[in-house]
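Student: sharing a model prediction with you, sequence too.
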Amino acid sequence: MIYIITQTLNGLFSAALLFLIASGLTLVFGVMRIVNIAHGSFYMLGVYVAYTIVARTHSLFLGTLAAVSAVAAAGFVVERLFLRRFASQPLAQMMMTMGFALLFRDAAFMIWGGDPFTLPYPSALRGSIEANDIVFPMYRLFVVFVAAVVGVVLWALNEKTLIGAKLRAAVDDAEMAAGTGINVALLSGLVFAAGAGLAAFGGVMGGPILGGYPGMDLDLLPLAFVVVIIGGMGSLKGALVGSIVVGLIDNFGKALVPELSYFTLFAPMVIVLAIKPTGLYGRV
Amino acid sequence: MKEVPVKLSTSVVVVVFALLATGVVVGQSAASVPIKVGFIAPLSGPYVQNGRDILNGFLLYLEEIGYRAGGRQIDVVVEDDEAIPAVGLTKARKLVERDKVHLMAGALLASSGYALAPYIDSMHIPMVFPVVSSDDLTQRRRSKWIVRTGWTSSQPNHVFGEYAARTLKLKKVATIGLDYAFGWESVGGFQRTFEAEGGKIAQKIWCPLSVHDFAPYLAQISRDVDAVYALFLGRAALQFMRQYQEYGLKDRVPLIGSGSTTDEHVLPSMGNEALGVITALHYSAALATPSNKSFVAAYRARYNKVPSYYSESMYTGAKWFVSAIEARGGNVEDSAALLDALRKVKLADLPRGPVELDDYGSPVENVYIRKVERVNGELQNTVIETFPKVSQFWKYNPADYLKQPLYSRRYIPPPTE
């Protein structure tokens, strides 16, 4: 029983991290139909930028702020100056994001070198909670909580605000939305920037536990794609449900049948696709 | 713009002069041509930092000797294998067939090492393996043209298993490690001698190489073991240490492990969570011998960081082949004789201590039991015990040893021991 509770909590932590990454990925796909291979790079750049700022200012808050805004700005530039030129050419756009992924990877190596590092824990969240033999780190609980807050904010933005309404219109039919006077181009840029910022935020949140290292850009990306495919491309609700499904299955799979951990991860995706080819909440 | 022709002509003059000078001074056709050494290591991709350390050690030694050995100049051709075996093989082909190198050195991963072996043997070009530690390269699948100057994965672990039972007085140990040959061979070596001394490996947990969140594995570790043996390297070692403490295990179950887990390539990135971890390896940057002290000082001065075992490995590897070249009086064109010289090298004052090769071409060297301590604000692997002249076969008879299967994922020690 203790074992199941611990593994469930672990699964929720994985889900929280995945949600931060996958929500951006799915929004970008929903609005622009871009399969963004560089999304993992934003996740990586987030923790690297935060590392630099935290080393100078010893403030995790400033580090997070700097990471999210710098990476969001980088995302905005990438979309405005490069991806925009290839609108409605999904293959060209995908190759472009792939190119950026390699570029960011080499740039990170040149700037920060290849030594792995971790971010410090926030001092209030050190240590672990112990109750009836269940040991769970405080910080992981905090990440789950933060991801839940981000989820609620995103949901409110999407469902309750004008920009959310425009966004949903653009997801459903970009041409019609443009026809009603919505600036889809600007919206795309903002969504891409927000997606990049969310990924960077995910990187920073994972920073004290997973840290930063060469190759991390492609570590979580396949999992994030599985989440997006299970949940349905373009759906926030799908990203949330997909993250929880993948996070739990991945944890229990690794714990119970480690030899089959890839099978247990991809089997649900295959089953979902067989029954519902658009994913759980996808409409495409 | 007008200066360009002038510069060109002066450089041409310099080259011609240099050619004339070497021709006149040495007066021998072979000796006037530089010795070409090919170097292969991952210089991009996830293992880039390990590859850099290897290259740093290599260049540091060659700089110390002014790129000259046996009266000839040494030219180095550096290639990046991206930690992909097929790429490594392509680069080796390029080095041998296009650059016409006289010998090669390098390689990091066991998979790259095994991929290179048949090609090297077919081309009769000696290659020094300073790092690749796969047991069978000098055991059941020996390669004629590969000279290993590093270690075998199980070598320090044979020592460590016995030490853990006799000196640390451990009875039950759980192991957790990376799920590939290096992990299996290290854990297998530890298990064999530990259980022969009456210890018991209570569980073995294997993590895929891509692991970054250790939570699902940490939750499986039994709480009634005396210690946990961990085998990781690079960023996985860093993440493991962090998370082992995060889950409150550090205060309950002492941590021991393979030397790579606390090696200096990742130790400076760690914090107090690494304190007290005991590991075994054939090197520690904290060794207090004169040759190591001067090596560490030179390395720090040149690269502004502490050398890892990877750095020392290739520093020693370079010194090794330079000694062989000196022994051959600079004649590297006879590759069979060069190979012979490489196998006969014996060096007493290496940073890691004295090394010579056994009859199977694997180093006989010291194994150090190290404990992580903080000294002058910096984490280091303090040597707490030295086992001299350890062979890859430990105390076993080589012929009997080789009848046993290679340590694998599901290794069970032979019942007779």
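Tutor: Now that the structure is in, tell me what you want to look at.

Student: contact partners of stretch B:185-203?
Tutor: B:133-135, B:152-162, B:164-166, B:170-175, B:177, B:204, B:220-222, B:225, B:229, B:231, B:258, B:394, B:406-408, B:411, B:413, B:417 (CB atoms under 8 Å, 6 or more residues apart in numbering or on different chains). All C-beta spots, glycine's among them, are computed from the backbone N, C-alpha and C.

Student: send me the helix or strand harbouring residue A:104 as CSV with only the CA atoms.
Tutor: Taking DSSP states H and E as the criterion, residue A:104 maps to helix A:90-112. Output in CSV follows, covering the C-alpha atoms of helix A:90-112 (Å, rounded to 0.1, in the frame of the first residue of the first chain):
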residue,chain,number,x,y,z
PRO,A,90,4.4,22.0,-42.1
LEU,A,91,7.4,19.9,-43.3
ALA,A,92,9.5,23.0,-43.9
GLN,A,93,8.5,24.3,-40.5
MET,A,94,9.4,21.0,-38.8
MET,A,95,12.8,20.9,-40.4
MET,A,96,13.3,24.5,-39.3
THR,A,97,12.5,23.7,-35.7
MET,A,98,14.8,20.7,-36.0
GLY,A,99,17.6,23.0,-37.2
PHE,A,100,16.9,25.3,-34.3
ALA,A,101,17.1,22.4,-31.9
LEU,A,102,20.6,21.6,-33.1
LEU,A,103,21.6,25.2,-33.1
PHE,A,104,20.4,25.7,-29.5
ARG,A,105,22.2,22.5,-28.4
ASP,A,106,25.5,23.7,-29.8
ALA,A,107,25.0,27.2,-28.5
ALA,A,108,24.3,25.9,-25.0
PHE,A,109,27.5,23.8,-25.1
MET,A,110,29.6,26.8,-26.3
ILE,A,111,28.2,29.1,-23.7
TRP,A,112,27.8,26.9,-20.7
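
Student: and the worst-scoring helix or strand of chain A on mean pLDDT, which residues are buried?
Tutor: Across the helices and strands of chain A, mean pLDDT, DSSP states H and E gives its lowest value to strand A:128-131, namely a mean of 82. For strand A:128-131, the neighbour count (16 or more other CB atoms under 10 Å in any protein chain shown) marks residue A:128 as buried.

Student: do it and chain B come into contact?
Tutor: Yes. Strand A:128-131 is in contact with chain B by CB under 8 Å from any CB of the partner chain, via A:128, A:130.

Student: now do that strand: distance to the chain's middle.
Tutor: When distances are taken as CA atoms, centre = their mean, to the nearest Å, strand A:128-131 is centred 28 Å away from the chain's centroid.

Student: got it, and stretch B:106-122?
Tutor: With CA atoms, centre = their mean, you get 14 Å for stretch B:106-122.

Student: in it, which residues are buried?
Tutor: If you call a residue buried by 16+ other CB under 10 Å, then stretch B:106-122 has these buried ones: B:106-117, B:119-120.

Student: and which of those is nearest residue B:44?
Tutor: Minimum distance to residue B:44 across the buried residues of stretch B:106-122 is 12.3 Å, recorded for residue B:108 (CB to CB).

Student: hmm, back to that, could I get the buried residues of stretch B:106-122 as TSV with pLDDT and secondary structure?
Tutor: Listed next are these as TSV, based on pLDDT from 0 to 100; DSSP: H, G, I helix; E, B strand; the rest coil:
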residue	pLDDT	secondary structure
B:106	93	strand
B:107	91	coil
B:108	91	coil
B:109	87	coil
B:110	83	helix
B:111	83	helix
B:112	88	helix
B:113	87	helix
B:114	86	helix
B:115	90	helix
B:116	92	helix
B:117	91	helix
B:119	95	helix
B:120	94	helix
